[in-house]
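S.K.: with the input below, show me the fold.
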Amino acid sequence: MDARDRFRLLTAVALVDQRLEAEEQQVLLRAAKGLGLPGADAEGIIREMLQGGRITNLTPPADPGERRALFQDLVRVALADGVVSPQERACLGRLAPSFGVAPSALDALLDPPPLPDLGAAPPPLPAAPAPRPSVSLSAPPKKRPPTPKTGEAGCPSCGAPVEFKNARSVAAVCAYCDTTVARTDRGDALKDLGKISHVVDDASPIVVGAAGKCFGVEFQVLGRLQVQHPSGFWNEWFLQWADRRTGWLGEALGQYMVTFPAEGEKDLGKVPPWDQVAPGQRWSLGGKPYTVTDKNIARATGTQGETPFAVGDGYELPYADLRRPDAGFATLDYSEDPPLVFIGRCVSWKDLNLRGHRRFHGW
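M.R.: I've put the predicted structure just below:
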């Protein structure tokens, strides 16, 4: 991520509420100076973003100090006009995990405690608390898991019902005991894979069970694959669509990408081997030109809900992302041979029309 890419990200945060205040512009120009970006270049990028320009590189700096400094600049932009809008807060909340910033730390940055009034009289001492009744130190009995209904399979670890909503799903994480279970060849029997597939809680507004509508078709979020990149954790949400397709919703650094598995040779085209892929290359998928914007090695670390595979103890995930000027998006998964190809589009939060998602303060 060079200086221009960093400045584009700063400008995008300033414009997320669809306006650019004078105070925000001054903070941006000071940030540009700190990045070594000439004033004319900075003003050109601001004009470009005001006219609907897009960010092409969202990979945070690899150096922890640079990553921390860039996120602090993002916070300064949001605080510049004295008001953090709901859109700015939500955007920073989605960016924070990839920059290694915990939700509690972000809240402290955006809502610093007021300075004490040194001239005010000290507050009265609190009254002594009333004696508390004696309580038993033993843990309360754990609630028994519900009994599976007719047609439902029981978790082999705790017996709670485990429902697969999609016929292609292979594994699921028990909502009661967090055990990963997998379908077997013996009817509805489930195999206990152990508690191997945990996800790190983040500030994502998306949750398993949420539903939405995109491209005119309803969908439901069935599960999540969490992927660890050098810059932090990203999410890939497993979707079931009303037209019987399944696909993925990628969520990274405040951007969303809806993709579907490429079907047929016409979609695949000629996919080069991993060692021949490099950012900046241009080649065709499905007869359309794409540019390679990112190549990296991530690690699949955990799942939630149901997914079409089990991650086990995790696995390396070499990948390449490709983009088109018209918001077209594709990703190549080199963890298999031949590589898996997924084609789709970059979308906005509004495009997803999500229902049942997490809500944060200020939304």
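S.K.: hey, let's count contacts and neighbours off CA atoms from now on
M.R.: Fine.
S.K.: export stretch 342-362 to PDB, keeping only CA atoms.
M.R.: Taking C-alpha atoms only, stretch 342-362 is exported to PDB below (Å, rounded to 0.1, in the frame of the first residue of the first chain):
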ATOM      1  CA  PHE A 342     -14.900 -17.500  -8.100                       C
ATOM      2  CA  ILE A 343     -16.400 -14.700 -10.100                       C
ATOM      3  CA  GLY A 344     -18.700 -11.900  -9.000                       C
ATOM      4  CA  ARG A 345     -18.900  -8.200  -8.200                       C
ATOM      5  CA  CYS A 346     -17.900  -5.700  -5.500                       C
ATOM      6  CA  VAL A 347     -21.000  -4.400  -3.800                       C
ATOM      7  CA  SER A 348     -21.800  -1.800  -1.100                       C
ATOM      8  CA  TRP A 349     -23.400  -2.400   2.300                       C
ATOM      9  CA  LYS A 350     -26.700  -0.900   1.000                       C
ATOM     10  CA  ASP A 351     -26.700  -3.300  -2.000                       C
ATOM     11  CA  LEU A 352     -27.000  -6.300   0.400                       C
ATOM     12  CA  ASN A 353     -30.200  -5.100   2.000                       C
ATOM     13  CA  LEU A 354     -29.300  -7.200   5.100                       C
ATOM     14  CA  ARG A 355     -31.900  -8.000   7.800                       C
ATOM     15  CA  GLY A 356     -31.100  -9.500  11.200                       C
ATOM     16  CA  HIS A 357     -27.500  -8.200  11.300                       C
ATOM     17  CA  ARG A 358     -25.600  -6.800  14.300                       C
ATOM     18  CA  ARG A 359     -26.200  -3.200  15.100                       C
ATOM     19  CA  PHE A 360     -23.700  -0.900  16.800                       C
ATOM     20  CA  HIS A 361     -23.900   2.300  18.700                       C
ATOM     21  CA  GLY A 362     -24.700   5.200  16.400                       C
END
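S.K.: and for it, what are the contacting residues?
M.R.: 85-86, 89-90, 204-207, 209-214, 255-262, 327-332 (C-alpha atoms under 8 Å, 6 or more residues apart in numbering).
S.K.: center of this structure, which residue is that?
M.R.: When C-alpha atoms, centre = their mean is applied to the chain, the residue found nearest the centroid is residue 251 (3.5 Å).
S.K.: before we move on, back to that, just the contacts of stretch 342-362: which are in strands?
M.R.: Counting by DSSP state E, the contacts of stretch 342-362 place 211-214, 255-261, 328-332 in strands.
S.K.: from those residues, which one has the minimum pLDDT?
M.R.: pLDDT is lowest at residue 255 among these; the value there is 84.
S.K.: that older thread, the residue nearest to the centre of the chain in helix, strand or coil?
M.R.: Under DSSP: H, G, I helix; E, B strand; the rest coil, residue 251 falls in the strand class.
S.K.: who's in contact with it?
M.R.: Neighbouring residues of residue 251 by C-alpha under 8 Å, 6+ apart: 234, 235, 236, 237, 257.
S.K.: any idea what the fourth one is bridged to?
M.R.: Residue 237 forms beta bridges with residue 224, residue 249, as assigned by DSSP bridges.
S.K.: begin at 25 from here
M.R.: Got it, the first residue is 25 from now on, which makes the last one we talked about residue 261.
S.K.: these two touch, right, it and residue 276?
M.R.: No: Residue 261 is beyond contact range of residue 276, at 11.2 Å (criterion: C-alpha atoms under 8 Å).
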